[in-house]
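Peer 1: How does the following fold in three dimensions:
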Amino acid sequence: MYLTVNDARIFFDVVGPQLMPDGDAMQERETLLVLHGGPGFDHSTLRPYFDRFADTYQMIYLDHRGCGRSGAPQETWHLDQWADDVADFCTTLGIKKPLVFGQSFGGMVAMHYATRHPDHPARLILSSTAARFLLDDTVAKATELGGPEAGKVAHDFFSNPTLDGYKRYGEVCLPLYSRTTPADGGSFRNRAIEKPEVNIHFFANEMMGMDLRPHLAAIACPTLVLGGVEDPVTPTRCSEEIAAAIGANARLELFANCGHGVHRDDPDGAEHMMRGFLCGD
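Peer 2: Residues are numbered from 1 along each chain as shown. Below you'll find the model as predicted:
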């Protein structure tokens, strides 16, 4: 389905109803909005895993502007606009106090949205993401996991994002993101719509100089920060910095033997952690 938000044609998909019959009444369920990483990928990178939460929540996946099936002019591909899109998307559909999950780049969008619209979300989950990009930590972890070549490829790409560097990074470093093979044998990258130009635009023009930490104390809702100890692109210090900057509203959970996206490497443990947090435990 498509919705026009701030002059962008945004694709979204829904799993599960908002209203459930319960005897003589219709019970309204909370909406869990799922924000994908990249940028340059689409929401399919988080499916089918998060569909399991549709037993309790209405799940909404969207493709960020410029990504996947969503269109928008290149001059609008920036973090302020992506963040405002989340708030305006919900307002247009009448979604109040959403639960918001953001993975990687989606986590950057989610935390920026929550600082610009602090009264909007009910709860926030920030997974394998960063308030600022730590190049030295990333290169060191990529080298540890994949050897000197992986470290060099990561350094070269993030220092000077290009299409050739993007391709090489995908070949050498993306396989280091997860410590396990998907249970269904599939690859999220194979099924995703991939738009490298969005990735390169964000990395080159915004991410490398980004520092969201000074604003994170404005996040007013309970926030779960998830990180994998073996994450080569948003290492654990990134998660620690986010939790420290948010302060009392943040809860930090680091998963051993997990990489970029703890739900991929410890699906049951991540689900248990997230369900408990979402219901207020």
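Peer 1: Counting residues, name the longest strand you see in the protein.
Peer 2: strand 8-15 (DSSP state E).
Peer 1: Contacts for it, please.
Peer 2: Strand 8-15 has contacts (CB atoms under 8 Å, 6 or more residues apart in numbering) with 1-4, 42-43, 51, 54, 58-63, 65, 68-72, 76, 85, 89. Every residue, glycine included, has its C-beta placed from N, CA and C.
Peer 1: how far does the top helix by length along the chain sit from the chain's center?
Peer 2: When the chain is parsed with DSSP state H, its longest helix is helix 79-93. Distance of helix 79-93 from the chain centroid (CA atoms, centre = their mean, to the nearest Å) equals 15 Å.
Peer 1: Please list the outside residues in contact with stretch 77-96.
Peer 2: By CB under 8 Å, 6+ apart, the list of residues contacting stretch 77-96 reads 3, 5-6, 8, 10, 12, 31, 33, 35, 39, 60, 62, 64-66, 98, 100, 108-110, 112-113, 116-117, 120, 198, 201-202, 205-206, 210.
Peer 1: Which ones among those map onto helices?
Peer 2: Per DSSP H, these map to helices at Met108, Val109, Ala110, His112, Tyr113, Arg116, Val198, His201, Phe202, Asn205.
Peer 1: among these, which ones are buried?
Peer 2: Met108, Val109, Ala110, His112, Tyr113, Arg116, Val198, His201, Phe202 (16 or more other CB atoms under 10 Å).
Peer 1: Relative to Pro267, which of these is nearest.
Peer 2: Ala110 (20.7 Å; CB to CB).
Peer 1: rewinding a little: what does the average pLDDT come to for the longest helix of the chain?
Peer 2: For helix 79-93, mean pLDDT is 97.
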